[in-house]
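Peer 1: Build the 3D model from these lines:
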Amino acid sequence: GRLGSETAQAKLSVNSTGLDEIRPALAALSPGTRIPVLLEGRASFNGAISGPLDALTTRGRLELENFDSELMPLELSATRGAAGHASEKKLQRIHWDSLVADLTYSPSLISLQNGVLRRGGAGVHFSASAGLRNGTLDEHSSQVSLTLHLQDAALDDLQVLTGLDYPLTGSMTADIRASGTPADLHGSGDVLVTKLVAYGEPFRLFRCHLRFAGKGVQLSNILLSHNGSRLTGSYAYNFGDRTFRFDLTGDNIDLATLRRFQLPRLAVEGKAAFHLAGSGTAEAPVLNGRLDLRKLVLNQEKVGSMNFSAETRGAELALRGRSNFESASLVVDGKVQLRGDWPGQMRLQFAHLDFDPLVRAYLRGQLTGHSSIAGTVDVHGPFRRPRDLIVTGIASQLSVELQDVKLQNEGPVRFGMDAETARVQQFHLVGANTDVFLKGNVGVAGEHALDLHAHGRFNLKMLQAYNPDIIAEGPATFSMDVGGVMA
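Peer 2: As a prediction, this is how the structure comes out:
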């Protein structure tokens, strides 16, 4: 063909197994152009070049196989545009199986239409165009248009592209339309995620309607489904000023199906429902909500129901909890300042509280009577740093029956926790042939340092509560000091 005039046209056919072969030609046609692709397979382009030499237009079919893309992740933070920040970002490299698209390129426009991008079982169907200024994309003035259909795209890959890193996996299907400039993109679409695992918890599906404008993202008509449980509502976040707004409702939540509620020694059953609304920033949030726990069962023992509420007044969050147990009571009250490290205090008051499920969790033998405890627990300190909270407690009444041996406290039981160490300041338990004193500390983090001291006498019959195969009876006097660390 011939080039050089408005009507001149030359056919172009390129086949390559390495883009290094065509970089010199591209540099001659468009100096400074960088191809963000590393080719391991085959590349081909069949089309035509037309127009004057100083403003060539290329149109044709582009096909790539077995290649990697190198792109900057989308910057979703308030620091975008800071001096030197762009140079500090690392290119994200992602492997793709194939790409086919109808390419148009000129100094004023680049367009990929009817494109299909594949990676494993995932497919991305798209059409995109962007205005150029002398062959260069301008972040603030180039007009961009994008239509996108994702099919079974991995959340891991999408997080790499967006510069995010959350413990989420799953497969996304989405239809999205967007337009605007790269710095101020607007769009909307519908999103469906299946095989979702969030923070180690599997969910059946997540779907929502998505809207975004600049650095703001809104999710509406949210539905998160988990074994008959449902979470619905809306959520919005601005990555520029880091403000958020949400209104979420959960109902018919089956605690027995949630992995986070299943501890190695404690099986939790029951139903939960909640409503939670919030706005503001992480530094100055406004939170209001309610949590209802119904038909709680711990280690196959019925407990009852419990209601909690949270209400923000100015910078202060008021917490309130009340039980509806058959013969026991649990009252929770607290206040937390939602500024800084969230300094606050909380008090738990309980009476006739049955702790049989906890005893059974650590003792293999059968309880021969119900346990009971009454007292208070006070918590104060920075609630944003739970490890630095200080806990003090007093049990005015404690009783339990093991292997027909009735035990109860003699004087108040004093305990607490601080500096990641659980402490027993006073513990005196008496019963038939039993008179036990205990005090000391146990580390709950790190090497779990031990400093325990116990003495007195105990009924050997109680050993069967620890191991039913032990047969013994009568009193035994002991004195014990334990130090070191737990493996």
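
Peer 1: so where's the protein uncertain?
Peer 2: 1-8, 18-36, 71-91, 161-163, 261, 362-367, 487 (pLDDT under 70).

Peer 1: Let's check: the centremost residue of it is which one?
Peer 2: By Cα atoms, centre = their mean, the chain has its centre lying nearest to Y199, at 4.8 Å.

Peer 1: Just want the phi and psi numbers for it.
Peer 2: phi 50, psi 40 (degrees, to the nearest 10).

Peer 1: Against V193, how distant is it?
Peer 2: According to Cβ to Cβ, to the nearest Å, Y199 stands 14 Å off from V193. The way it works is simple: take the backbone N, C-alpha and C, and place the C-beta from them, glycine included.

Peer 1: before we move on, what about E473?
Peer 2: Between E473 and V193 the distance, using Cβ to Cβ, works out to 61 Å.

Peer 1: higher neighbour count, these two?
Peer 2: Neighbour count, other Cβ atoms under 10 Å: between E473 and V193, V193 has more, with 21 against 12.

Peer 1: I figured the more buried one was touching T169, is that so?
Peer 2: No. Assessed by Cβ atoms under 8 Å, V193 is found out of contact with T169, at 9.7 Å.

Peer 1: so what sits against both of those two?
Peer 2: Common contact partners of V193 and T169 (Cβ atoms under 8 Å, 6 or more residues apart in numbering): L155.

Peer 1: What residues of stretch 458-478 count as buried?
Peer 2: Buried residues in stretch 458-478, counted by 16 or more other Cβ atoms under 10 Å: F458, N459, L460, K461, M462, L463, Q464, A465.

Peer 1: Would you enumerate the residues in contact with the second one?
Peer 2: The one in question is N459. Residues in contact with N459 (Cβ under 8 Å, 6+ apart) are V405, G431, A432, N433, T434, E473, G474, P475, A476.

Peer 1: will you turn these into TSV that also has distance to Q337?
Peer 2: Shown next, in TSV, are these (distance: Cβ to Cβ, whole Å):
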residue	distance to Q337
V405	47
G431	45
A432	50
N433	51
T434	46
E473	56
G474	56
P475	53
A476	52
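
Peer 1: Mind checking which of those residues are in helices?
Peer 2: Secondary structure from DSSP state H places none of the contacts of N459 in helices.

Peer 1: who does the helix or strand containing H186 pair up with?
Peer 2: For H186, the enclosing helix or strand under DSSP states H and E is strand 184-198. Sheet pairing of strand 184-198 (DSSP bridges) gives strand 168-181 (antiparallel), strand 201-213 (antiparallel).

Peer 1: In the stretch 351-487 of the chain, mark out all the helices, start to finish.
Peer 2: 356-362, 463-466 (DSSP state H, counting those that start in this stretch).

Peer 1: From what I see, I94 and Q159 are in contact.
Peer 2: No. In this structure I94 lies outside contact range of Q159 using Cβ under 8 Å: 11.1 Å.

Peer 1: Could you report the neighbour count for P343?
Peer 2: 15.

Peer 1: Specify the beta-bridge partners of it.
Peer 2: Going by DSSP bridges, P343 forms beta bridges with P382.

Peer 1: How much space separates it from A315?
Peer 2: In terms of Cβ to Cβ, P343 sits 11 Å off from A315.

Peer 1: go on, T368?
Peer 2: Counting by Cβ to Cβ - T368 and A315 are separated by 51 Å.

Peer 1: Also R423?
Peer 2: For R423, the distance to A315 equals 32 Å [Cβ to Cβ].

Peer 1: who has more neighbours, the two?
Peer 2: Counted by other Cβ under 10 Å, R423 and A315 do not tie: R423 has more neighbours, with 18 against 13.

Peer 1: pretty sure D157 belongs to a helix, no?
Peer 2: Yes. Counting by DSSP: H, G, I helix; E, B strand; the rest coil, D157 is part of a helix.

Peer 1: thought it was touching I94?
Peer 2: Yes. The pair D157 / I94 is scored as a contact, 6.1 Å apart, by Cβ under 8 Å.

Peer 1: can you give me the helices for the stretch 1-150 of the chain?
Peer 2: Under DSSP H, counting those that start in this stretch, the stretch 1-150 of the chain gives helices at 23-29, 85-88.

Peer 1: could the helices of the stretch 351-487 of the chain be laid out in TSV, adding distance to V303?
Peer 2: As requested, those are exported to TSV (distance: least, Cβ to Cβ, whole Å):
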stretch	distance to V303
helix 356-362	8
helix 463-466	22
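
Peer 1: beta partners for L223?
Peer 2: Per DSSP bridges, the residues bridged to L223 are R207, T232.

Peer 1: Tell me the spacing between it and L99.
Peer 2: Counting by Cβ to Cβ, the gap from L223 to L99 is 33 Å.

Peer 1: Please apply the same query to T421.
Peer 2: 58 Å.

Peer 1: And these two? Which one has more around it.
Peer 2: A count of neighbours by other Cβ under 10 Å puts L99 above the other of T421 and L99, at 20 against 16.
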